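> A predicted structure for the sequence below; I have some questions about it.
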Amino acid sequence: MFNQDHIFYKVSGALCSLTIIMAFVIYVVRQDVADVRKQITTLNGDIVHKRQSVTILQTEWSHLNSPNYLKKINDHVVKFENLLPKQTKALSV
């Protein structure tokens, strides 16, 4: 009987130790998952911000390339004149 009780206590002690180790491992993994979720939330916020910035830049680019705006800049700053046919030359291939 002493032998069976001794084995029982050893197995019980090993199972308790294993339970404590597994609890610690689960705790560490849960903390890592929480950290990764925070990073994902931050990155998703950054992505939304970047997409908004791209949309704003596309809108500004469309405005800066609009014919009316380019004509206004030409008339006030650059002052290019329209080309006359005699100012062009045919290219030979």
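Yep, it's here.

> So residue 63 sits against residue 69, correct?
Yes - under the criterion of CB atoms under 8 Å, residue 63 makes contact with residue 69 at 6.1 Å. Every C-beta, even on glycine, is put in place using the N, C-alpha and C of the backbone.

> so how far is the longest helix anywhere in the chain off the chain centroid?
Assignment by DSSP state H gives helix 2-64 as the longest helix of the chain. Using CA atoms, centre = their mean, to the nearest Å, the mean C-alpha position of helix 2-64 is found 18 Å from that of the whole chain.

> Could you shift the numbering so residue one becomes 893, and keep it that way?
New numbering, starting at 893: the last item is helix 894-956.

> which element follows that helix toward the C-terminus?
Downstream of helix 894-956, the first helix or strand assigned by DSSP states H and E is helix 959-965.

> Dump that next one to CSV, restricted to CA.
Listed next in CSV are the C-alpha coordinates belonging to helix 959-965 (Å, rounded to 0.1, in the frame of the first residue of the first chain):
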residue,chain,number,x,y,z
PRO,A,959,-8.4,72.7,-67.6
ASN,A,960,-10.0,75.7,-66.0
TYR,A,961,-7.4,75.9,-63.3
LEU,A,962,-4.5,75.3,-65.7
LYS,A,963,-5.9,78.1,-68.0
LYS,A,964,-6.1,80.4,-65.0
ILE,A,965,-2.5,79.7,-64.0
